[in-house]
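> Sequence plus predicted model, see below.
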Amino acid sequence: MSAWLWLGDLAAIAYPKDMALVRSFSLFVLPVALLACGDDGAPAPVALQDVVRCDITQSVCQRAIFESVAESLGADSTTLPAIRTISVEQFEEEVRSGVSADDLMGNDPETRGLRLIGFIPEAAESVTETEIDYQVSGIAAYYSSGSRSITVIDRDYEVVTAQSILAHEFVHAIQDRQFGIGSVYANVDTTDGVMGARTVIEGDATYSSFAWIYDKLGTAVDWDQLYLDFQEGSLLEAADPEVPIIASASGFPYAYGLELLGRATQAEGLSGRAAFFMAPPPSARDSMVGYEAFVNNGFTMIDAPEDAFPAPVAESALTLEDRFGAWYAFATLLRAGFEREVAFFYASLWLGDELGVFENGSEVVAVWRIRFAVDPSLVAEAINQSDRDVAWSAVLQDNDLFIIAAESDASLALWEAQPLDVVAAALASVPDVRKGIPGAGPLRCNPPRFRGN
């Protein structure tokens, strides 16, 4: 059986229970109540061997962990980031404070379009509510690059778990000082591009914090197995129709970025790590196919069609446009009935995609064009035979697959009859896609969350 450890913004990171790190966690069963970040009295300095057993509510413990993590990354440790602790209720209030009632209704074209195409469950209230619920239920801590501070949400963590959470956020602070987190997102303008950038940021934070804690615990690590175990969690979520694909995509950078940055650091040292911050992957596909493929072939060459969509039905306007990438294609194929290996084969041969959401004042239609390096006829057949309770179908043009999803059979029939390759892709509706992507602002870390026995 597997134990799921959440250590990243909406991220599912899996450990088998018999693995060494989980055994190490279980040795320290006294809960840590993160009620304050100040000191009670004057605690003794933290000995190096106790750095993963100290009380992270004490500044001397915070300082010891930060200095140790910074040393492992060749970073300056002079200035400790500001750290605060808030309750779960305070965190929810902060998350909801900037959200309007309209965002939660679920009647907006974006929510309706993402429901139609299957990126959020058909029963989901709204994209915004889906993201809020996921964050409030799981996030343990986050780093804000704006204030260069760390916030910890009080969830009564076990001792070593608490150290790992804080170390993860310290890595983000160090990344910001060494490379500038904003620069990693400098050329990002799609959801897929955000996922590529986040595999560097979150993959490094996951790998570096865990390499650090394994080292301090004196625990040997089978990294190859650990990479597989982490990715298994993401693979299970990608296939689960009850989990929003947008949620599985938020966890993807941790599981796959862990291996990408881990292998780069193990092979090339800190210079290999730095190289990915200087030139992050442009697509999630790069992390899916892995470090060896990158070494041999470089980054993915994206071949997104300039004319991406059919001619709109009369009075229909494009209200959302975005490239979602190979992970969304992979999850969609899993949910359409493909075996994991076959779905991954097609995803690894993804060349580009564009999703457009159109509305005419009463109905919404989503059109997703995906380009593959092989004939996707079997994919189209699976989509057309699937039993989703929505009006959708797949149309082929060469190696491009058009998935059209509508709110009525009549609307679907109208769109199926439209000429293809008419509406130019512009991405004009997402000038700053990061505003809508969890984790592209504050960098967050989720607490342990176990499923099964």
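Yep, that arrived. Numbering: from 1, shown residues only.
> Distance of D192 relative to F372?
Distance from D192 to F372, counting by Cβ to Cβ, to the nearest Å: 15 Å. C-beta here means a position set from N, CA and C on the backbone, and glycine is covered the same way.
> so what pLDDT did the spatially most central residue of the chain get?
Centroid check for the chain by Cα atoms, centre = their mean gives S250 as the closest residue, at 2.3 Å. We have a pLDDT of 87 for S250.
> which element is it on?
In this structure, S250 is located in helix 245-268 according to DSSP states H and E.
> Can I get that helix as CSV, trimmed to CA atoms?
Output of helix 245-268 as CSV, limited to C-alpha atoms (Å, rounded to 0.1, in the frame of the first residue of the first chain):
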residue,chain,number,x,y,z
ILE,A,245,-7.4,17.3,-14.2
ILE,A,246,-6.4,20.9,-13.2
ALA,A,247,-5.7,19.5,-9.7
SER,A,248,-3.6,16.6,-11.0
ALA,A,249,-1.7,19.1,-13.1
SER,A,250,-0.9,21.2,-10.1
GLY,A,251,0.7,18.2,-8.5
PHE,A,252,2.5,17.1,-11.6
PRO,A,253,5.5,19.5,-11.3
TYR,A,254,6.5,18.0,-7.9
ALA,A,255,6.4,14.4,-9.0
TYR,A,256,8.0,14.8,-12.4
GLY,A,257,10.1,17.9,-11.5
LEU,A,258,11.6,15.9,-8.6
GLU,A,259,13.1,13.4,-11.1
LEU,A,260,14.1,16.0,-13.7
LEU,A,261,16.0,18.3,-11.2
GLY,A,262,17.1,15.4,-9.1
ARG,A,263,18.8,13.6,-12.0
ALA,A,264,20.3,16.9,-13.3
THR,A,265,21.7,17.7,-9.9
GLN,A,266,23.0,14.2,-9.3
ALA,A,267,24.7,14.1,-12.8
GLU,A,268,26.0,17.6,-12.9
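> Could you identify the helix or strand that succeeds it?
On the C-terminal side of helix 245-268, the nearest following helix or strand under DSSP H and E is helix 270-278.
> List the buried residues in stretch 220-232.
Residues V221, W223, L226, Y227, D229, F230, Q231, E232 are the ones in stretch 220-232 that count as buried (16 or more other Cβ atoms under 10 Å).
> Looks to me like the third one is in a strand.
I take that to be L226. No: assessed by DSSP: H, G, I helix; E, B strand; the rest coil, L226 does not belong to a strand; its assignment is helix.
> pLDDT weak spots in the stretch 101-250 of the chain?
Judged by pLDDT under 70, the stretch 101-250 of the chain has its weakly predicted residues at 101-106, 123-127, 134.
> circling back: kindly indicate which of the buried residues of stretch 220-232 lies nearest S377.
Using Cβ to Cβ, Q231 comes nearest to S377 of those, at 28.5 Å.
> Alpha carbons of the helix or strand containing that closest one, as CSV, please.
For Q231, the enclosing helix or strand under DSSP H and E is helix 223-239. Below are the C-alpha coordinates for helix 223-239, written out as CSV (Å, rounded to 0.1, in the frame of the first residue of the first chain):
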residue,chain,number,x,y,z
TRP,A,223,16.3,7.6,-5.7
ASP,A,224,15.2,5.6,-8.8
GLN,A,225,12.5,3.9,-6.8
LEU,A,226,11.5,7.2,-5.1
TYR,A,227,11.0,8.9,-8.4
LEU,A,228,8.7,6.1,-9.5
ASP,A,229,6.8,6.2,-6.3
PHE,A,230,6.2,9.9,-6.5
GLN,A,231,5.1,9.7,-10.1
GLU,A,232,2.7,6.8,-9.3
GLY,A,233,0.7,9.2,-7.2
SER,A,234,0.3,11.7,-10.1
LEU,A,235,-0.5,8.9,-12.5
LEU,A,236,-3.3,7.6,-10.2
GLU,A,237,-4.8,11.1,-9.9
ALA,A,238,-4.6,11.7,-13.6
ALA,A,239,-6.8,8.6,-14.2
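> Tell me the spacing between R177 and D387.
Relative to D387, R177 is positioned 52 Å away (criterion: Cβ to Cβ).
> same check, this time on E93
41 Å.
> of those two, who's got more company?
When E93 is set against D387 and neighbours are counted by other Cβ atoms under 10 Å, the residue ahead is E93, at 12 against 6.
> Doesn't the more buried one lie inside a helix?
Yes: using three-state DSSP, the assignment for E93 is a helix.
> what is the orientation angle of the helix or strand where S137 lies with helix 245-268?
Taking DSSP H and E as the criterion, the element that holds S137 is helix 127-138. Comparing the axes of helix 127-138 and helix 245-268 via axes from the mean of the first three to the mean of the last three Cα atoms, to 10 degrees yields an angle of 60 degrees.
> Describe which strands the helix or strand that comes right after helix 127-138 pairs with in its sheet and in which direction.
Counting by DSSP H and E, the element after helix 127-138 in chain order, helix or strand, is strand 141-144. Strand 141-144 has these partner strands in its sheet, going by DSSP bridges: strand 149-153 (antiparallel), strand 443-445 (antiparallel).
> Now do the nearest residue to D421 once chain neighbours are set aside, the pLDDT please.
The shortest distance from D421 to any non-neighbouring residue, by Cβ to Cβ, 6 or more residues apart in numbering, is to D307 (4.3 Å). Looking at D307, its pLDDT stands at 89.
> next one: the one 5 residues further on
You'll see P312 listed with a pLDDT of 91.
> and it, what does it touch?
Contacts for P312 were tallied using Cβ atoms under 8 Å, 6 or more residues apart in numbering; they are L318, F358, Q418, V423.
> ok, back up a step: in this structure the residue nearest to D421 contacts P419, no?
No: taking Cβ atoms under 8 Å as the contact criterion, D307 and P419 are not neighbours in contact, 10.4 Å apart.
> the more surrounded of those two?
Legend: neighbour count by other Cβ under 10 Å for D307 and P419, higher for D307 (13 against 7).
> next one: phi and psi at that one?
Backbone torsions for D307, taken as degrees, to the nearest 10, come to phi -100, psi 100.
> what about the helices in the stretch 51-200 of the chain?
Ranges of helices within the stretch 51-200 of the chain are 59-72, 88-97, 101-105, 109-117, 127-138, 159-178, 181-184, 191-217, based on DSSP state H, counting those that start in this stretch.
> now those helices as a markdown table including distance to F276?
Conversion of these to a markdown table gives the following (distance: least, Cβ to Cβ, whole Å):
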| stretch | distance to F276 |
| --- | --- |
| helix 59-72 | 17 |
| helix 88-97 | 30 |
| helix 101-105 | 34 |
| helix 109-117 | 30 |
| helix 127-138 | 26 |
| helix 159-178 | 11 |
| helix 181-184 | 9 |
| helix 191-217 | 5 |
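> Relative to F338, which of those is closest?
For F338, the closest of the helices of the stretch 51-200 of the chain is helix 109-117, at 16.7 Å, according to Cβ to Cβ.
> any idea of the angle that closest one forms with helix 127-138?
Computed by the same axes, to 10 degrees, the angle between helix 109-117 and helix 127-138 is 80 degrees.
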